[in-house]
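Q: Coordinates only, no sequence provided:
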């Protein structure tokens, strides 16, 4: 698995659709709020395995600041 941190504009259409689908499946964010949050995010962090966007919700992850990484 690869941890990916990127700006929203760096996602392909397919990655963005997969990210949105997975977040919505979690049932915490709905409607147009999710798309707006993605558009205004400084960074999106997710897991990628075999080319697929993945989210893991069973564990909390603390990430250091990534301002210099992007």
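A: Received the coordinates, thanks. Bear in mind that the values here come from a model prediction, so they are computed numbers and not experimental data.

Q: Neighbours of the nearest residue to residue 38 once chain neighbours are set aside, how many?
A: Distance criterion CB to CB, 6 or more residues apart in numbering; nearest residue to residue 38, sequence neighbours excluded, is residue 8 at 5.3 Å. C-beta here means a position set from N, CA and C on the backbone, and glycine is covered the same way. By the criterion of other CB atoms under 10 Å, residue 8 has 16 neighbours.

Q: Residue 8 and residue 42, how far apart?
A: 9 Å (CB to CB, to the nearest Å).

Q: before we move on, the earlier item: ok, the residue nearest to residue 38 - contacts?
A: 16, 38-39, 41, 44 (CB atoms under 8 Å, 6 or more residues apart in numbering).

Q: One more: residue 49?
A: 1-2.

Q: Can you spell out which residues form a bridge with it?
A: residue 52 (DSSP bridges).

Q: State the distance from it to residue 35.
A: 24 Å.

Q: Can you find which helix in the chain contains the most residues?
A: helix 13-25 (DSSP state H).

Q: tell me the mean pLDDT for that helix?
A: Helix 13-25 shows a mean pLDDT of 85.

Q: Centre of the chain to that helix, how far?
A: 8 Å (CA atoms, centre = their mean, to the nearest Å).

Q: which other helices and strands contact the helix or strand just after that helix?
A: Scanning forward in sequence from helix 13-25 by DSSP states H and E, the next helix or strand is helix 33-40. Applying 3 or more CB pairs under 8 Å, 6 or more residues apart in numbering; DSSP states H and E, one finds that helix 33-40 contacts helix 13-25.

Q: Could I get the buried residue list for the helix it packs on?
A: Buried residues in helix 13-25, defined by neighbour count with 16 or more other CB atoms under 10 Å: 15-16, 18-20, 23.
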